[in-house]
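> Need the 3D shape of this:
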Amino acid sequence: MKKKFKPSKTSKVIKTTNKIKKHFTEEEELDLKYASLQKYGFDHQVMKLVEECGEFIQQAAQFSNREPLEHPFTKFDRLIEELCDIKIVLDQLFIVLYNDATKKIYQSKLRKLHSYLK
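Residues are numbered from 1 along each chain as shown. Have a look, this model is predicted:
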């Protein structure tokens with residue numbers, strides 16, 4: 001998929017790379033995701049998602065196999081870190097893939113979840 005992605009012209013987050021921000025607005029966050037798609041491409045980000053999911057699975061296994069007296073927060077923090085990596089890449093893929101068909105599938109999955117909870 002060779003689609004060009006452009007960050008919005010209003011945000012300066014990409015241009016101010018010598019300053020690392022502590023917090024990003026929603027617009028800046030979206031700009032970063034678009035810029036990443038533009039730099040690395042869709043196919044690369046799909047493989048990045050595979051990598052990040054593998055890292056999450058490893059951390060999840062370590063978290064669930066911890067010793068009973070072991071403090072869970074260190075492994076929990078690592079689990080959350082990997083989950084955030086997944087969300088960032090997944091959000092990038094949704095930028096490309098989210099359309100009416102995707103919305104229908106998503107709603108179908110929500111209905112399925114709802115039926116399980118009844």
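> for the helix or strand containing K103, packing partners?
According to DSSP states H and E, K103 maps onto helix 100-117. Helices and strands touching helix 100-117, as assessed by 3 or more Cβ pairs under 8 Å, 6 or more residues apart in numbering; DSSP states H and E, are absent. Every residue, glycine included, has its C-beta placed from N, CA and C.
> Figure out how far that helix is from the centre of its chain.
Its chain's average C-alpha position is 20 Å from that of helix 100-117, according to Cα atoms, centre = their mean, to the nearest Å.
> Centre-most residue in the chain?
Nearest to the geometric centre of the chain sits K87, at 1.9 Å (Cα atoms, centre = their mean).
> State the distance from I95 to A101.
Distance, I95 to A101, by Cβ to Cβ, to the nearest Å: 15 Å.
> Name the residue in those two with the higher neighbour count.
I95 (16 against 9; other Cβ atoms under 10 Å).
> Could you tell me how many residues sit around E82?
19.
> is it true that it touches Q59?
Yes. Contact criterion Cβ atoms under 8 Å: E82 and Q59 qualify, at 4.9 Å.
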